[in-house]
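*Asks:* 3D model of this:
(chains A and B)
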Protein chains: 2
Amino acid sequence: MAAVHPFVPQDLILPDYVPIMLPQLTILGIYGAASVLVITFVWILSGMFPKISKADKVLMCWWVFTGFTHMFLEGYFVFTPEFYKQKSPTYLAEVWKEYSKGDSRYVGRDSAVIAVEGITAVLEGPACILAAYAIATRKSYSHLLQIAISIGQLYGTAVYFITSYLEGDNFAASPYYYYFYYIVMNSFWVWIPSLIVIRSWKKICAAVRLQDQKKTKSR
Amino acid sequence: MAAVHPFVPQDLILPDYVPIMLPQLTILGIYGAASVLVITFVWILSGMFPKISKADKVLMCWWVFTGFTHMFLEGYFVFTPEFYKQKSPTYLAEVWKEYSKGDSRYVGRDSAVIAVEGITAVLEGPACILAAYAIATRKSYSHLLQIAISIGQLYGTAVYFITSYLEGDNFAASPYYYYFYYIVMNSFWVWIPSLIVIRSWKKICAAVRLQDQKKTKSR
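*Replies:* Alright, predicted model coming up:
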């Protein structure tokens, strides 16, 4: 029997699968437009806080963007196991049917993917919004929280890639989807968290070093 | 055909499985004795560094103990896929055959388990030794590194438990092994890293707050 879905491996069994209804450009366009809207809104909002550097404004945009992605997009995936059976066109279901062309473990409900996405949606999503708030209000835990979330994102992405590799790395419908969705899109959650860890790590070490010097002087 | 191994689920296929040769008490006893030896050695060594608090000495013992466990025990598991076929008695192979009674995903080479153990053995193991060194030599990144590793350990343990839950939580040979190996033993990597995160988080926030105050004063 031929596969009745566009995903690889073709022997993946998806009873009651409803084909994708929206075109790729619409699915990506809505995500892109929503992201631009959110980022613009946060950029304007961040300008209202006193003593916010340009780097901090950019970081606030990143944290709200990635936080919303974690909570809404990934949260929907985690808590809607039967998204691929949706009969009326639901945008978030379409997103995951489309993304599954790059990694069919989503539509196949791979447990490692659900575990990582669950931690990301439930814990890291809200923590990202808190990070944006902490930057705006100059909390003492701001850099620490940014490091903590970024390490979580890096750990999650590592588990995501390693499990796929161990299982044969054959979950993409074509090289196009493999490189565009699986490699390029996920790479943002590798290099951006890495840069944030390096930046915030340096800032915290500088603060601790200063306090140590002060202690030594006061002796 | 009946299962030729003591693991659950019984339909797990393990060609050329060689039964456990060492008694449980010997396997646990060697791990316990080696741990006591390492901890005693680190405790004595740590006393040679100036200005080391009791809490720091305890933490150094923990970091070397958990680092060695990650690198040697878990490292052996990651890089010896056929450990359950070992014909001559090999202590580390016996450890993982014994532990698999609490979680057969080890002997079954579950990809989520290998991914988490791989990150733990290769990245976190050496980082733990660095953390002990950082405490001893009072590096400015000491608390930060302890938080980073602890978050990694907590994330790994979360993926470990969640994937098992999602796959039916039926990998233990009996309730005894489930609670003793799977729950109690792993719980150390939940509550100890949690306590370390809380402690180091407070220390860093205090240092950052002090630097912020200083900045405000000097204006």
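
*Asks:* hmm, who's touching stretch A:37-45?
*Replies:* A:57, A:60-61, A:64-65, A:68, A:132 (Cβ atoms under 8 Å, 6 or more residues apart in numbering or on different chains). Any C-beta I mention is one placed from the backbone N, CA and C, and that applies to glycine too.

*Asks:* residues contacting residue A:130?
*Replies:* Here residue A:130 is in contact with residue A:145 (Cβ under 8 Å, 6+ apart).

*Asks:* any idea which element it lies in?
*Replies:* Secondary structure assignment for residue A:130, by DSSP states H and E: helix A:125-136.

*Asks:* what is the rounded mean pLDDT of that helix?
*Replies:* Per-residue pLDDT values over helix A:125-136 give a mean of 98.

*Asks:* next one: stretch A:61-71
*Replies:* 98.

*Asks:* may I have it exported as CSV, CA atoms only?
*Replies:* Written as CSV, here are the backbone C-alpha positions of stretch A:61-71 (Å, rounded to 0.1, in the frame of the first residue of the first chain):
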residue,chain,number,x,y,z
CYS,A,61,12.8,41.3,20.9
TRP,A,62,14.5,37.9,20.7
TRP,A,63,13.1,36.8,24.0
VAL,A,64,9.5,37.7,23.3
PHE,A,65,9.7,36.2,19.8
THR,A,66,11.2,32.9,20.9
GLY,A,67,9.0,32.9,24.0
PHE,A,68,5.8,33.2,21.9
THR,A,69,7.2,30.6,19.5
HIS,A,70,7.8,28.2,22.4
MET,A,71,4.4,28.8,24.1
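
*Asks:* residues touching it, excluding its own?
*Replies:* Residues external to stretch A:61-71 that are found in contact with it (Cβ under 8 Å, 6+ apart): A:35, A:38-39, A:42-43, A:46, A:120-121, A:124-129, A:131-132, A:135, A:146, A:149, A:153, A:189, A:192, A:196.

*Asks:* just the buried ones out of these, please.
*Replies:* By neighbour count, with 16 or more other Cβ atoms under 10 Å in any protein chain shown, these hold A:35, A:38-39, A:42, A:46, A:120-121, A:124-125, A:127-129, A:131-132, A:135, A:146, A:149, A:153, A:189, A:192, A:196 as buried.

*Asks:* show me what counts as buried in the longest helix along chain A.
*Replies:* Counting residues, the longest helix in chain A under DSSP state H turns out to be helix A:186-218. Buried residues in helix A:186-218, counted by 16+ other Cβ under 10 Å: A:189, A:192-193, A:196-197, A:199-201, A:203-205, A:207-208, A:210-211.

*Asks:* near chain B, which of those residues show up?
*Replies:* Contacts with chain B within the buried residues of helix A:186-218, counted by Cβ under 8 Å from any Cβ of the partner chain: A:201, A:204-205, A:207-208, A:210-211.

*Asks:* nearest to residue B:158, of these?
*Replies:* The shortest distance between residue B:158 and any of those, using Cβ to Cβ, involves residue A:201 and amounts to 23.1 Å.

*Asks:* touching, the closest one and residue B:145? I think so.
*Replies:* No. The criterion here is Cβ atoms under 8 Å, and residue A:201 misses it with residue B:145 at 9.2 Å.

*Asks:* helix/strand/coil for the nearest residue to residue A:77 once chain neighbours are set aside?
*Replies:* In space, residue A:77 comes closest to residue A:96 once its chain neighbours are excluded; the distance is 5.2 Å by Cβ to Cβ, 6 or more residues apart in numbering or on different chains. Under DSSP: H, G, I helix; E, B strand; the rest coil, residue A:96 falls in the helix class.

*Asks:* what residues does chain A have near chain B?
*Replies:* Proximity of chain A to chain B (Cβ under 8 Å from any Cβ) is limited to residues A:111-112, A:114-116, A:118-119, A:138, A:140-141, A:143-144, A:147-148, A:151-152, A:155-156, A:158-159, A:162-163, A:166-167, A:201, A:204-212, A:214.

*Asks:* now with 6 Å?
*Replies:* Applying Cβ under 6 Å from any Cβ of the partner chain, one finds that chain A approaches chain B through A:111-112, A:114-115, A:119, A:140-141, A:144, A:148, A:151-152, A:155, A:158-159, A:162-163, A:166-167, A:204-205, A:207-211.

*Asks:* whichever of the residues you listed end up buried, select them in PyMOL.
*Replies:* To isolate the buried subset of the residues of chain A next to chain B in PyMOL, counting by 16+ other Cβ under 10 Å, use the following:
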select buried, chain A and resi 111+112+114+115+119+140+141+144+148+151+152+155+158+159+162+163+166+204+205+207+208+210+211
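
*Asks:* which SSE is immediately downstream of the helix holding residue A:130?
*Replies:* On the C-terminal side of helix A:125-136, the closest following helix or strand by DSSP H and E is helix A:142-166.

*Asks:* which residues sit in contact with residue A:163?
*Replies:* Taking Cβ atoms under 6 Å, 6 or more residues apart in numbering or on different chains, we find residue A:163 in contact with A:112, B:111-112, B:115.

*Asks:* switch the cut-off to 10 Å
*Replies:* Counting by Cβ atoms under 10 Å, 6 or more residues apart in numbering or on different chains, residue A:163 touches A:105, A:110-113, A:115-116, A:169, B:110-116, B:159, B:163.
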